[in-house]
Each structure stands twice: as C-alpha cells, then as structure tokens.
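J.: Here's a sequence, model it:
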Amino acid sequence: MDNAKTIYLDHSATTPLDPRVLTEMTSVLAQNYGNPSSIYKIGQEGAKLIEESREQVAGVINSSSREVVFTSGGTESDNLAIKGAAFALKAQGNHIITSSIEHHAVLHTCEWLEKNAGFEVTYLEPNSEGFIEPKQVLDAVTTRTTVVSIMYVNNEIGTIQPISDIANDIRDYSRINKQTIIFHTDAVQAAGWLSLDVESLGVDLMSLSAHKFYGPKGVGILYIRKGTQVAGQMNGGSQENNLRAGTENTAGIVGAGLALYLSEQERPLVVPRISELRDDLFQDILSIESTYVNGSKLDNRIANNVNISIKGVEIESVIINLDMQGIAVSSGSACTVGSIEPSHVLLALGMQRDLASTSLRITLGKNSTKEDILELSNALPQIVKRVRSMNSPRS
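T.: Below is the predicted model:
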C-alpha cells in the first residue's frame with residue numbers, strides 16, 4: 001500500500017512531521033552542525049537556536065525559559081521528573097503517589113524506585129470512566145509523601161484528569177503542613193489539544209514529547225518550576241543546567257519548539273473540527289452490535305480519542321483487515337507492541353479480560369477529514385461481521 005494513500009488514525013502513537021518543521025530542521029542539519037557547547041561562532045549559532053526554541057516552548061506553556069529542559073523524549077522526561085524529585089527529597093520522605101493507569105514510562109519508573117531504591121508507592125485506582133478524584137490523592141498523602149504524579153490525559157482512553165484541582169489541593173496541604181510535595185504531570189497526550197499553561201495547571205513538573213505534536217521523534221521537554229528540587233539522572237557534561245548531560249540535538253530541539261508553537265497556534269481551529277468528527281465516529285461505530293465505549297463521556301475526553309471494545313472479535317484481525325484497506329488504527333497503547341495482554345488501563349477500569357482484549361483505539365489528527373471517518377465507518381462493520389463469523393464455533 002502506498003503510504004500516501006493510508007488513512008492514518010493512530011496519532012496518539014505518533015504524528016507525522018509537520019512539513020514546516022521538516023523544512024526548518026533540514027536547514028539546521030545542513031548549516032548549524034557545530035557543537036552548541038563550543039565557544040566559536042558556528043557552535044554559538046547552534047546554542048542561540050536552542051535558546052530561541054526554549055523561549056518558544058516557554059511562551060506556549062507560560063513559563064520562564066530557564067524552567068524548560070530538553071530531553072530525548074517523554075519517557076526520559078518522566079524518568080527525570082520522578083526519579084529526580086524523589087532522590088532530591090529522599091531525606092524528607094520516601095513515599096510517591098501515582099495512578100494505576102499511568103503510561104508505562106511512569107509506572108515502570110515507580111516500580112524501579114520501589115524495587116531498587118527503597119521508595120514506597122501508592123497506586124490510585126480510577127473509577128469506571130478512568131478518573132482519579134482529587135480527594136483520592138489527598139487522602140493518600142502521608143507525612144513521608146514527596147512526589148505525586150498524575151497524567152493530564154490518558155494515552156489509551158483519552159480521559160482528562162482534573163490536574164489543576166489536584167495541584168491546588170496538594171499546594172494547600174503542603175503550605176498548611178509545611179511539607180514539600182512535588183506534583184508532576186505527564187502531559188504528552190495533551191499538547192495541541194488542551195492548554196499547557198503551567199500557572200493555570202499549578203504543576204511543578206510537566207513532561208512533553210515532540211513526536212506527539214508533529215515534531216521529531218527523540219526529543220522531549222520537561223518543565224521544572226523554579227525552586228523545584230530535581231536531581232540530575234545522567235552524568236557527564238553540564239548541559240541543560242546540569243540536569244541532562246550530553247551534546248544537544250540542535251535540529252531536533254528547533255523542530256520541537258516550532259512544532260509546539262504551531263500546535264498551540266492552530267489549536268483553536270483544530271479542536272472543534274476534530275471533536276465533531278470524533279463524535280460522528282463514535283455514533284457510527286456504536287451502531288455496530290455489541291460495541292462499548294471505553295473511558296469517559298465525550299465532554300471529559302480529549303477531542304481526538306475514540307476507544308471502544310468490540311465483543312466477539314479477535315482485535316488483531318480487525319486491525320490487520322483495516323490495514324489491508326489502507327486504514328491504520330491500534331489496540332491499546334502503541335508502547336506495548338507485541339504484548340498479547342489486555343490493556344492495564346482497561347483492566348483498572350474494572351473491565352473483564354475478554355472484553356478488554358477487544359479494544360480498538362482510534363485517534364484522529366489535525367489533518368483528519370470527514371472522508372477519512374466515512375472510509376473507516378464504512379469498512380469497520382463488514383470487517384467486524386467477517387471476523388466474528390470466523391471466530392464463531394462451527395456446528
């Protein structure tokens with residue numbers, strides 16, 4: 001199948017590089033190849049580009065540029081945030097609070113801290129729609145709590161968590177009890193769809209990943225509020241304020257900054273249009289017998305996310321059949337490629353394993369069209385019917 005003809009509906013896994021970002025990165029790769037840590041002109045030109053990108057990011061998230069750190073991706077940003085904060089405050093306490101539906105970059109980091117570094121972790125359970133209530137977080141806080149990490153938007157079911165309410169509660173608790181608790185949010189899925197204003201959100205740490213908002217793979221962003229204690233996790237040079245050693249990826253950073261800026265500029269036009277397409281798609285798919293919405297209602301769900309379970313199918317067969325018709329979707333999180341286990345998110349919502357294993361995740365992008373949705377809506381019922389007939393026991 002010619003890639004140009006593929007209807008790509010897996011934007012939560014990754015997004016195509018914006019052509020404007022590609023043009024800018026190509027120029028930097030060709031002309032600004034100097035090491036940004038060097039004192040001569042060609043190196044300092046690269047350093048200037050990095051600082052301009054830092055300013056771009058800061059403008060989008062409403063922070064100081066000094067609070068922006070570039071990493072290799074969302075996974076590294078999560079690791080640096082959680083491990084860095086936990087180790088920085090270890091003399092004060094060893095308790096971390098997170099949720100059971102976080103991305104594996106958060107869950108596995110917390111598990112590592114439990115196993116190898118003497119930390120204790122409380123994993124909060126969501127309700128049936130995937131929400132973590134602020135009261136749950138506050139009730140879990142102890143005198144030994146130092147770090148709380150709750151994701152902004154779930155990467156599988158699109159649930160939007162009440163981040164600002166949680167942050168306000170933690171801030172009030174910390175002030176009253178004179179206890180430092182650092183609040184981190186994995187906002188990887190929020191960029192381009194929701195406000196990233198760190199002052200409104202009230203977070204101390206926030207992770208982003210460029211390839212989720214039409215930037216390059218291999219570049220991440222970590223916002224660190226001024227005064228927040230974070231211990232660097234990579235030894236070497238003094239780059240990124242001694243928090244992230246290693247020669248900077250100049251072209252990638254430039255691409256990340258531009259992509260985030262463009263995504264924020266286009267958000268007011270993109271979100272309403274894609275929300276309407278998503279609602280139409282939900283209506284079409286739910287007309288198929290024995291299909292179920294996974295996660296929250298539409299008003300508390302990110303604009304591009306459709307996650308459903310289709311009873312009585314082998315979901316891999318559905319995905320392969322769609323792919324043969326030039327339509328790319330996924331099952332669960334793309335970061336669990338090769339896994340035959342049901343989504344840990346859906347299981348946490350209380351779903352039975354057999355139904356959780358039939359989940360289909362469809363995530364639209366800013367360039368998705370009504371024609372794309374019609375193609376999927378027309379193809380899916382026939383594919384489901386065919387796969388179900390193949391799975392039915394023969395008499």
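J.: Which of the helices and strands in this protein ranks last by mean pLDDT?
T.: One helix or strand of the chain scores below all others by mean pLDDT, DSSP states H and E: helix 239-242, with a mean of 88.
J.: which other helices and strands contact that helix?
T.: strand 68-71 (3 or more C-beta pairs under 8 Å, 6 or more residues apart in numbering; DSSP states H and E). Backbone N, C-alpha and C define where each C-beta goes, glycine included.
J.: which strands and helices sit next to the strand it packs on?
T.: helix 41-61, helix 74-88, strand 220-224, helix 239-242.
J.: in its sheet, what does it sit against?
T.: strand 220-224 (antiparallel) (DSSP bridges).
J.: ok and the strand it pairs with relative to helix 74-88, angle-wise?
T.: 30 degrees (axes from the mean of the first three to the mean of the last three C-alpha atoms, to 10 degrees).
J.: Between helix 74-88 and the helix or strand hosting residue 114, find me the angle.
T.: Element membership of residue 114, judged by DSSP states H and E, is helix 104-117. Put simply, helix 104-117 runs at 30 degrees to helix 74-88, going by the same axes, to 10 degrees.
J.: Tell me which residues of helix 104-117 come out buried.
T.: Buried positions in helix 104-117, judged by neighbour count with 16 or more other C-beta atoms under 10 Å: 105, 106, 107, 109, 110, 113.
J.: Would you map the strands across this protein?
T.: Using DSSP state E, the strands of the chain run over residues 7-8, 68-71, 95-99, 120-124, 145-149, 182-186, 205-209, 220-224, 291-293, 305-310, 327-328, 359-363.
J.: Reformat the ones you listed as TSV; add distance to residue 273 and mean pLDDT.
T.: Supplementary listing: the strands of the chain in TSV, determined by distance: least, C-beta to C-beta, whole Å; pLDDT from 0 to 100:
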stretch	distance to residue 273	mean pLDDT
strand 7-8	17	98
strand 68-71	30	98
strand 95-99	31	98
strand 120-124	34	98
strand 145-149	32	98
strand 182-186	26	98
strand 205-209	23	98
strand 220-224	26	98
strand 291-293	21	94
strand 305-310	15	96
strand 327-328	20	97
strand 359-363	15	97
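J.: Determine which of those strands approaches residue 379 most closely.
T.: Nearest to residue 379 among those is strand 327-328; the distance by C-beta to C-beta comes to 6.3 Å.
J.: Quick check: which helices or strands does the closest one pack against?
T.: By 3+ C-beta pairs under 8 Å, 6+ apart, strand 327-328 packs against strand 7-8, helix 370-391.
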